[in-house]
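Visitor: Provide a 3D model corresponding to the input given below.
(4 chains)
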Number of protein chains: 2
Amino acid sequence: MAGETRERILDVAERLFADSGFASTSLRDITAEAGVNLAAVNYHFGSKEALLGAILERRIRPMNDRRIALLDKVEAEAGADGAAVEQIVTAFLNPAFQQVMAMGTHRRQLLKLLGQLHTQANPETRKLFFRQFDEVRIRFTTSFQRALPDIDPDEVARRMMYIVGAMSYIMMWGEQSGHLPAQTPDRLRQSLVEFASAGMAAPATAPAGIPAPETLPTAASIAAHGGHA
Amino acid sequence: MAGETRERILDVAERLFADSGFASTSLRDITAEAGVNLAAVNYHFGSKEALLGAILERRIRPMNDRRIALLDKVEAEAGADGAAVEQIVTAFLNPAFQQVMAMGTHRRQLLKLLGQLHTQANPETRKLFFRQFDEVRIRFTTSFQRALPDIDPDEVARRMMYIVGAMSYIMMWGEQSGHLPAQTPDRLRQSLVEFASAGMAAPATAPAGIPAPETLPTAASIAAHGGHA
DNA sequence: GTATGATTGAAACATACGTTTGACTGACTT
DNA sequence: AAGTCAGTCAAACGTATGTTTCAATCATAC
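Guide: Numbers count the residues shown, from 1 in each chain, chains lettered A, B, ... in the order given. Take a look at the predicted model:
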């Protein structure tokens, strides 16, 4: 009985927070569905906000640890000239797919929860978890930059962000009815690796130190003209 | 004074909803900052939910109209064999960049708001606006499929989603301190067009009708083994 | 068996919320 | 000048929230 109440709260809260939003989900919703007493949340976690932190900690840390471990392995196996782009991409994407897919029918929950972090969680909770993601992102960006010495490092950093965005989006909304044909998780992972690798390795038109000409109107001119293209 | 109160509420609510979340922002927060009476929201919009709808309507419709217009133009100028991938990508991305950049210092607001739609808005509001995005996505997916007849149409549809994800992510979080070096909007747009075009046109390993072999463990086996790679 | 510390339970607390009400204002019409 | 009506305002309504309290219960060690 010891950890059972705690676990039940975590499971139910993870789902309800993801489905209805952190602010819109009441502790009474959670405790009623979990079959525990209302006071159990504050007893076991201290506050609603700390409950959110515990939910995230349970899922995020293992996933990012696996990413770093895989990257270490890939870099160790490669020579001094850096690992192959597709291998780095795979090291980044595989743990995420494994984590999300292991959640079975509740796959989107973790990512829906992360999406809320920016606007719902208080600043302390927010910074606590984004620091973890930042560390991972920087490690992978550095590895990509070593593998692509001919591309502007800033451009590589941007492309890393594109990959994160593509991954998050497809995991969160890829299974919505009507959006995409049903796919096996591995088929989807393979598709994303191809896309991300091609984008990351694309020839860059404006290498470091050579700023590109402005071809799009500035924000000020758009606002002045009403934004018509 | 007629529409002044209404506009002030829209402006302030757009910012506060985006920054603090729809559920976490009270009508008192909005009316206090806008310098209007609390009852003005329900008088002008009917409800808090309807206020959210009005905010979205004001921004989304023009952007998607411009996307369709640009795609029409690109397709008309191209031959019967379809438009170039990069031109389609540009037709999709330019209006979004223009809309977001035209919002000046409040660039991320619209996208932060859209991100909340899934979990915060009630089902009616949600469906109302996602239908608009679905129409646009389907139009562009079809155009891409015509331009890339050798790639599995389902794969093209997936890649369209990757582009949407990369765009949304970079627009929402690309200006966060520490994530990326500062860039002009046009430089960022150009970078994303390159990335997206390369990813969309990447050779696909598994064309239509030839399913890829499974190389990643299934969800069940991951759960059973604790998810270690 | 009894004492002890961890856990659960029902109830209450203070606060914040979206919404409604009804009086009031001021500009415009007749 | 009287009347009309959209708009504004302060106040109140009912409800839901996170948190706290304190007694009851349970498992375990002595």
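
Visitor: List the contacts of the residue nearest the centre of chain A.
Guide: Most central in chain A under CA atoms, centre = their mean is A:Ser168, positioned 5.2 Å from the mean C-alpha point. By CB atoms under 8 Å, 6 or more residues apart in numbering or on different chains, the residues touching A:Ser168 are A:111, A:114-115, B:165, B:169. Quick note: C-beta positions are derived from backbone N, CA and C, even for glycine.

Visitor: Now rank these by neighbours and give me the top one.
Guide: B:Gly165 (24 neighbours; other CB atoms under 10 Å in any protein chain shown).

Visitor: Report the angle between the helix or strand containing that residue and helix A:153-173.
Guide: Here B:Gly165, judged by DSSP states H and E, is contained in helix B:153-173. Orientation of helix B:153-173 against helix A:153-173 (axes from the mean of the first three to the mean of the last three CA atoms, to 10 degrees) gives an angle of 110 degrees.

Visitor: How about the helix or strand just after helix B:153-173 and chain A, touching?
Guide: Beyond helix B:153-173 on the C-terminal side, the first helix or strand identified by DSSP H and E is helix B:185-200. Yes. Contact of helix B:185-200 with chain A (CB under 8 Å from any CB of the partner chain) involves B:185-192, B:194-200.

Visitor: Show me what helix B:185-200 is packed against.
Guide: helix A:153-173, helix A:185-200, helix B:85-102, helix B:153-173 (3 or more CB pairs under 8 Å, 6 or more residues apart in numbering or on different chains; DSSP states H and E).

Visitor: pLDDT on it, on average?
Guide: Mean pLDDT, computed over helix B:185-200, is 94.

Visitor: got the angle between that helix and helix A:153-173?
Guide: Using the same axes, to 10 degrees: helix B:185-200 against helix A:153-173 is 60 degrees.

Visitor: Next, the angle helix B:85-102 makes with helix B:185-200.
Guide: Helix B:185-200 runs at 140 degrees relative to helix B:85-102, counting by the same axes, to 10 degrees.

Visitor: can you dump the C-alpha coordinates of helix B:185-200 into CSV?
Guide: The C-alpha coordinates for helix B:185-200 follow below in CSV (Å, rounded to 0.1, in the frame of the first residue of the first chain):
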residue,chain,number,x,y,z
PRO,B,185,13.6,37.1,-39.9
ASP,B,186,14.5,36.7,-43.5
ARG,B,187,17.7,34.8,-42.7
LEU,B,188,15.7,32.5,-40.6
ARG,B,189,13.0,32.0,-43.2
GLN,B,190,15.7,31.3,-45.8
SER,B,191,17.3,28.7,-43.6
LEU,B,192,14.1,27.0,-42.9
VAL,B,193,13.2,26.9,-46.6
GLU,B,194,16.5,25.2,-47.4
PHE,B,195,16.0,22.6,-44.6
ALA,B,196,12.4,21.9,-45.5
SER,B,197,13.0,21.6,-49.2
ALA,B,198,15.9,19.2,-48.7
GLY,B,199,13.9,17.1,-46.4
MET,B,200,10.9,17.1,-48.6
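
Visitor: touching chain B at all, the longest helix out of those in chain A?
Guide: Determined from DSSP state H, the single longest helix within chain A is helix A:48-77. Yes. Judged by CB under 8 Å from any CB, helix A:48-77 comes into contact with chain B through A:62, A:66, A:69-70.

Visitor: which of the residues in that helix are buried?
Guide: For helix A:48-77, the buried set under the neighbour-count rule, 16 or more other CB atoms under 10 Å in any protein chain shown, comprises A:48, A:51-56, A:59-60, A:62-64, A:66-67, A:70-71, A:74-75.

Visitor: And stretch A:21-28, by the same measure?
Guide: A:21-25, A:27.

Visitor: Out of the helices and strands packed on helix B:185-200, which gets nearest to B:Glu4?
Guide: B:Glu4 sits nearest to helix B:85-102 of all the helices and strands packed on helix B:185-200, at 21.6 Å, using CB to CB.

Visitor: now for the closest one, which elements pack on it?
Guide: helix A:219-225, helix B:48-77, helix B:109-120, helix B:123-147, helix B:153-173, helix B:185-200.

Visitor: check whether stretch A:37-47 contacts DNA strand C.
Guide: Yes. Contact of stretch A:37-47 with DNA strand C (CB under 7 Å from any atom of the strand) involves A:37-40, A:43-44.

Visitor: Would you confirm that A:Ala202 contacts B:Ala196?
Guide: No. At 9.3 Å, A:Ala202 and B:Ala196 do not qualify as touching, with contact defined as CB atoms under 8 Å.

Visitor: quick one, which of those two is more surrounded?
Guide: Higher neighbour count among A:Ala202 and B:Ala196: B:Ala196, with 29 against 21, using other CB under 10 Å.

Visitor: ok, the more buried one touching B:Gly165?
Guide: No. B:Ala196 is not in contact with B:Gly165 according to CB under 8 Å; the separation is 10.4 Å.

Visitor: related to what we said a few turns ago, can the longest helix of chain A be said to contact DNA strand C?
Guide: No. Counting by CB under 7 Å from any atom of the strand, DNA strand C is not contacted by helix A:48-77; separation bottoms out at 13.5 Å.

Visitor: and the angle for that helix with helix A:85-102?
Guide: 150 degrees.

Visitor: List the single closest residue to A:Thr58 in space, sequence neighbours excluded.
Guide: For residue A:58 the amino acid is Arg, not Thr. With CB to CB, 6 or more residues apart in numbering or on different chains as the measure, A:Leu10 is the residue that lies nearest to A:Arg58, at 6.5 Å, once sequence neighbours are left out.

Visitor: Tell me the pLDDT of the one you found.
Guide: 96.

Visitor: and it, how many neighbours?
Guide: As a burial measure, A:Leu10 scores 21 neighbours (other CB under 10 Å).

Visitor: quick one: contacts for it?
Guide: A:51, A:54-55, A:58.

Visitor: Report the secondary structure element holding it.
Guide: Using DSSP H and E, A:Leu10 falls in helix A:4-20.

Visitor: Now do the contacts for A:Ala91.
Guide: A:Ala91 makes contact with A:67, A:70-71, A:73-74, A:140 under the criterion CB under 8 Å, 6+ apart.

Visitor: same thing with A:Ser20?
Guide: A:29, B:119.

Visitor: Please report how far it lies from B:Leu128.
Guide: Separation of A:Ser20 from B:Leu128 (CB to CB, to the nearest Å) stands at 19 Å.

Visitor: What of A:Ser168?
Guide: From A:Ser168 to B:Leu128 the distance is 24 Å (CB to CB).

Visitor: Kindly report the same for A:Leu114.
Guide: 25 Å.

Visitor: Next: A:Arg139.
Guide: As defined by CB to CB, A:Arg139 lies at a distance of 42 Å from B:Leu128.

Visitor: Could you do A:Leu148 as well?
Guide: Using CB to CB, A:Leu148 is found at 43 Å from B:Leu128.

Visitor: Please apply the same query to A:Val100.
Guide: According to CB to CB, A:Val100 stands 28 Å off from B:Leu128.
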